[in-house]
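Chemist: compute the structure for the input listed below.
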Amino acid sequence: MTIFVQALFIFFARILDVSIGTLRTILLVKGNRQIAAVLGFFEVMIYLIVLGKVVGNINKPILIIAYCLGYACGNIIGGRIEEKLSLGRVSAGVILKENYEDVVQALRDGGFGVTIFEGMGLEGKSYMLNIILERRHINKLYKAVHKIDPHAFITISDIRSSMGGHFVPKKKG
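Modeler: I've put the predicted structure just below:
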């Protein structure tokens with residue numbers, strides 16, 4: 001195998017193992033231990049094979065550079081894969097000053113479960129909507145709220161798990 005082919009192999013294998021590692025970590029944090037364990041097996045297998053090729057040829061800087069570049073690109077690609085998969089649920093907090101009834105109705109019409117809290121902010125009475133939703137529905141939430149109140153303050157937080165409640169029905173396909 002030529003040095004260039006070895007470098008390409010190392011580069012792409014590192015992208016693969018780091019991307020798998022990113023997904024494994026996210027699944028582990030979200031409580032999917034079995035899938036994370038399987039991914040961890042393949043991640044470490046790829047890592048050890050690639051590391052052996054680099055350490056066995058430590059006097060070839062192109063292999064070290066390919067290893068490091070593969071790691072860097074793997075982080076970027078792993079993050080993008082996670083974004084596309086949209087794994088898990090999030091908690092959304094929507095703070096509104098007015099039109100809260102219209103926003104609540106639009107969200108409920110869109111299939112979101114909404115809990116309303118009344119509070120007092122710096123500028124007077126405000127309303128906080130609490131919504132637990134699938135991560136893949138974040139943009140749908142943003143659009144529905146922004147259409148009625150473009151000045152709404154929205155926060156999104158990851159949640160590890162949830163139980164009960166009302167969620168947008170899954171499409172049968």
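Chemist: which helix runs longest in this protein?
Modeler: Longest helix in the chain, counting residues (DSSP state H): helix 3-29.
Chemist: tell me which other helices or strands that one touches.
Modeler: Secondary-structure packing of helix 3-29 (3 or more C-beta pairs under 8 Å, 6 or more residues apart in numbering; DSSP states H and E): helix 33-55, helix 61-85. (Each C-beta comes from the backbone N, C-alpha and C, glycine too.)
Chemist: tell me, what's the model's pLDDT at I116?
Modeler: You'll see I116 listed with a pLDDT of 95.
Chemist: can you confirm it is in a strand?
Modeler: Yes - inclusion of I116 in a strand is indicated when DSSP: H, G, I helix; E, B strand; the rest coil is applied.
Chemist: that one bridge partners, please.
Modeler: Beta-bridge partners of I116, counted by DSSP bridges, are L129.
Chemist: would you list the helices and strands packed on helix 3-29 in JSON lines and tack on mean pLDDT?
Modeler: Formatted as JSON lines, the helices and strands packed on helix 3-29 follow (pLDDT from 0 to 100):
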{"stretch": "helix 33-55", "mean pLDDT": "95"}
{"stretch": "helix 61-85", "mean pLDDT": "92"}
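Chemist: check contacts around the nearest residue to V18 once chain neighbours are set aside.
Modeler: Spatially, and ignoring its direct neighbours in sequence, V18 is nearest to G74 (2.6 Å; C-beta to C-beta, 6 or more residues apart in numbering). Listed by C-beta atoms under 8 Å, 6 or more residues apart in numbering, the contact partners of G74 are 14-19, 21-22.
Chemist: do G124 as well
Modeler: By C-beta under 8 Å, 6+ apart, G124 lies in contact with K97.
Chemist: before we move on, the earlier item: flag whichever of the contacts of G74 scores worst on pLDDT.
Modeler: Lowest pLDDT within the contacts of G74 is found at T22 (91).
Chemist: residues contacting the nearest residue to it once chain neighbours are set aside?
Modeler: Spatial nearest neighbour of T22, excluding adjacent residues (C-beta to C-beta, 6+ apart): G78 at 2.9 Å. Contacts for G78 (C-beta under 8 Å, 6+ apart) come out as 18-23.
Chemist: before we move on, the earlier item: off-centre distance for the longest helix of the chain?
Modeler: Mean C-alpha position of helix 3-29 versus that of the full chain (C-alpha atoms, centre = their mean, to the nearest Å) differs by 18 Å.
Chemist: and what of stretch 77-92?
Modeler: Taking C-alpha atoms, centre = their mean, one finds stretch 77-92 lying 2 Å from the centre of the chain it belongs to.
Chemist: just stretch 30-39 next, same as before
Modeler: On C-alpha atoms, centre = their mean, the centre of stretch 30-39 falls 15 Å from that of its chain.
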